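**Q** please find the sequence and the predicted model below.
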2 protein chains.
Amino acid sequence: MRKKTVIVLGVDGYLGWATALHLSAAGHEVVGIDSLVRRRWDRECGTQSLVPIKTMPQRVNSWRRLTSRTIDWRQMDLCDARAVTQLVREVRPEALVHFAEQRSAPFSMIDLGHAALTQVNNLVGTLNLLFALRDHAPAAHLVKLGTMGEYGTPNIDIEEGFLTITHNGRQDRLPFPMQPGSFYHLSKLHDSHNIQFACRIWGLRATDLHQGVVYGNHTDEVGMDPSLSTRFDYDAIWGTVLNRFCVQAAVGLPLTVYGKGGQTRGFLDIRDTVACVRLAIEHPAAEGEYRVFNQFTEQFTVKALAQKVRQARAAHGLDTRIVHLRNPRVEREEHYYNAKHQKLLDLGLQPHFLGDTLIESMIDTVERHAARVDPIELEQPNVDWRRGGTPGWQKSAEPEPSVARLV
Amino acid sequence: MRKKTVIVLGVDGYLGWATALHLSAAGHEVVGIDSLVRRRWDRECGTQSLVPIKTMPQRVNSWRRLTSRTIDWRQMDLCDARAVTQLVREVRPEALVHFAEQRSAPFSMIDLGHAALTQVNNLVGTLNLLFALRDHAPAAHLVKLGTMGEYGTPNIDIEEGFLTITHNGRQDRLPFPMQPGSFYHLSKLHDSHNIQFACRIWGLRATDLHQGVVYGNHTDEVGMDPSLSTRFDYDAIWGTVLNRFCVQAAVGLPLTVYGKGGQTRGFLDIRDTVACVRLAIEHPAAEGEYRVFNQFTEQFTVKALAQKVRQARAAHGLDTRIVHLRNPRVEREEHYYNAKHQKLLDLGLQPHFLGDTLIESMIDTVERHAARVDPIELEQPNVDWRRGGTPGWQKSAEPEPSVARLV
């Protein structure tokens, strides 16, 4: 496999960092950029990664020391159009992995300010990138992180991005109809449409990875040394469901399921995320092609996930309770869900399925950092889809300044 | 029909103004808001309405003098979240008609700055409105101007917003798959998704009018006095195809068709636009309902439209040439097109079809204002979908300041 020059956008994030290491370990030349806004949002939200993470300079120094490989780290905001243009013109990347977006659904539902910030930040950053590619690297392959949440929960099988529809005796292959469930998920859908259009009119190449919910925080590279750790979020804003269950189990709290818990989603191990991104880069889209890969390996209901955690604990004689909370989100709690995810398997993905061992290792991780668990983060969710955030949240984000800061 | 309090957003525009007069004449209480940005964009683009238009204070004074009816005019930017909240809280409208968006496809394709400005302006304005409605007028009916251009040109019949899809033996009614053809059209699609979501989670009521290409500039109200005239745009940025053909015919230039001219679109008379908006307001959506009406009355190819103009001229012994230019847009030039438009007819719309008389009256209008025709505006189109605007355009709009000014 020929080595490529790859820009990882959002390299300071949970998946951006693990992906950069994985690509670097595979021999690709990695340029990593990030505005570090996620660390600022942590301060604003009063949240933090359960696993301590180093600064970006410390991380890349540590990586070089351990592997003799270099990650070219640069602090930069994707919403700064001039900086993006300069970056693409100078680096002339063969591929770009785009994680550089606000990625929390609850954050986007706090209030108007956070909704507008999410959509403006995500759209403007991606538009900046598309125009820079058109002008300075039209053959580069854009690998964009989207989300399975763009599809919503239709009552038909979910295909990978497109659907052949027969209607009144005529047929066409059309974008799959989408029903996103938050202003964040909507921002990803807006991006998808913008990118698809840019491929069509400018001949750009893009792979849109519609990713499921990722769990775990161990990859071969991240696990080499504590200084290479990636984030572990478990709070109500940034944490995802399995992380929260593992923290609740570790500290002896009941697992909190929203509503009936019949919500079904696609899930994958972080080791599969980094492998999927690498596979996409190593098998690029054609000129003018916009393709979608559904990036997950298994689908579960939230309730089944809670039961898996309870079972893993029971094997050690530990008893874990499951409680159902009033659902703060507006979503179907019992529904059909059957999403295809064949294309990455066809490229060679070897999935890591969710088993007791993984859950136990996640709980071990929590126990090692138990002193950093903030019990308040495990209580009632504080962002309601109908009413928004608590007064404390609303106070912390005046609409105009937040948006204005980003564009 | 009970009279309602209606806010018309974008009241200074081509259709906003005609709609405000029509609703006022029908007895509704009209509050009209506009940032007047369209007049600024005219200065920036070096364009102007062929028909002279008065200032907003002059227009509303003239309307009061002629009819004793009042339009409550307020200058305000929909991107100013605080002002929008105050407006909705104070007026407590029963309906809102939302025209307040950047509405030119070529403008959005000039360069990155104009693409981002279009999407940020349109999205942020609509988000501001949705949150203000949630908090201060949740029962109000939002009538949003969308566009038939959201659908693109699929190879199947276009339904009104939703399509029942059978796939692998299961069925669902889902949003119609969309393929917009410019960053402007994409902004309307982004809006549609945001509004649909707000209806679903907050119980808001909305009608999304997916409008075709409007022609004409005469309604019963606008025609009462020259001081009530609405815009007539014919330039390459703001002008639509029939207006351009009429101006070309009037000044003796050939009608310029982009590419083969087989592009088919839905069209309607401005008198039908104002009637459709009134019908939507007088038959509101239900609580939580997001509905789509396809708002046009006939569909034509661009070539057929040119031939209609040539025929109307030939009846007076005048000879008009039709020439085909290289298409600056990226679009199908020969394609299937069959779009449904039944729902507004069911509410009572009496269409005005495009006939020779209308074309002649449009050409008469041009001839009355012939001294204001700028021939440069009728030459080669200057915004190319592949390369963007001319250097002059690019110079006039630096990305960051334009966007920053708007949010």
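**A** Perfect, thanks for sending it.
**Q** now residue A:290: how far from chain B?
**A** 11 Å (Cβ to the nearest Cβ, to the nearest Å). Glycine gets a C-beta too; all of them are placed from N, C-alpha and C.
**Q** need the contact list for that residue.
**A** Applying Cβ atoms under 8 Å, 6 or more residues apart in numbering or on different chains to residue A:290 gives the contacts A:195, A:196, A:199, A:200, A:206, A:208.
**Q** list just the nearest of those to chain B.
**A** Of all the contacts of residue A:290, residue A:200 has the smallest distance to chain B: 6.7 Å, by Cβ to the nearest Cβ.
**Q** measure the closest one to residue A:194 for me?
**A** 11 Å (Cβ to Cβ, to the nearest Å).
**Q** which one's more surrounded, those two?
**A** Of the pair residue A:200 and residue A:194, residue A:194 is the one with more neighbours under other Cβ atoms under 10 Å in any protein chain shown, namely 22 against 18.
**Q** hmm, residue A:207 is touching residue A:146, no?
**A** No - if you go by Cβ atoms under 8 Å, residue A:207 and residue A:146 don't touch, sitting 9.6 Å apart.
**Q** what sits in contact with each of those two?
**A** Joint contacts of residue A:207 and residue A:146 (Cβ under 8 Å, 6+ apart) are residue A:292.
**Q** which of these two has more neighbours?
**A** Each of residue A:207 and residue A:146 has its neighbours counted (other Cβ under 10 Å); residue A:207 has more, 29 against 24.
**Q** which SS state does the more buried one fall under?
**A** Put simply, residue A:207 is strand when judged by DSSP: H, G, I helix; E, B strand; the rest coil.
**Q** is it bridged to anything, and to what?
**A** Counting by DSSP bridges, residue A:207 is bridged to residue A:143, residue A:291.
**Q** which residues touch it?
**A** Counting by Cβ under 8 Å, 6+ apart, residue A:207 has contacts A:141, A:142, A:143, A:144, A:280, A:284, A:285, A:291, A:292, A:293.
**Q** can you check what pLDDT the model gives residue A:299?
**A** We have a pLDDT of 98 for residue A:299.
**Q** isn't it right up against residue A:339?
**A** Yes - the pair residue A:299 / residue A:339 is scored as a contact, 6.5 Å apart, by Cβ under 8 Å.
**Q** quick one: common contacting residues for those two?
**A** Counting by Cβ under 8 Å, 6+ apart, the residues touching both residue A:299 and residue A:339 are residue A:266.
**Q** which helix in chain A runs the most residues?
**A** Secondary structure assigned by DSSP state H gives helix A:112-136 as the longest helix of chain A.
**Q** for it, what is the average pLDDT?
**A** 98.
**Q** how far does that helix sit from its chain's centre?
**A** The chain centroid and the centroid of helix A:112-136 are separated by 17 Å, computed with Cα atoms, centre = their mean, to the nearest Å.
**Q** then stretch A:379-389?
**A** Relative to its chain's centre, stretch A:379-389 lies at 21 Å (Cα atoms, centre = their mean).
**Q** equivalent analysis for stretch A:95-102, please.
**A** So, by Cα atoms, centre = their mean, the centroid of stretch A:95-102 is 10 Å from its chain's centroid.
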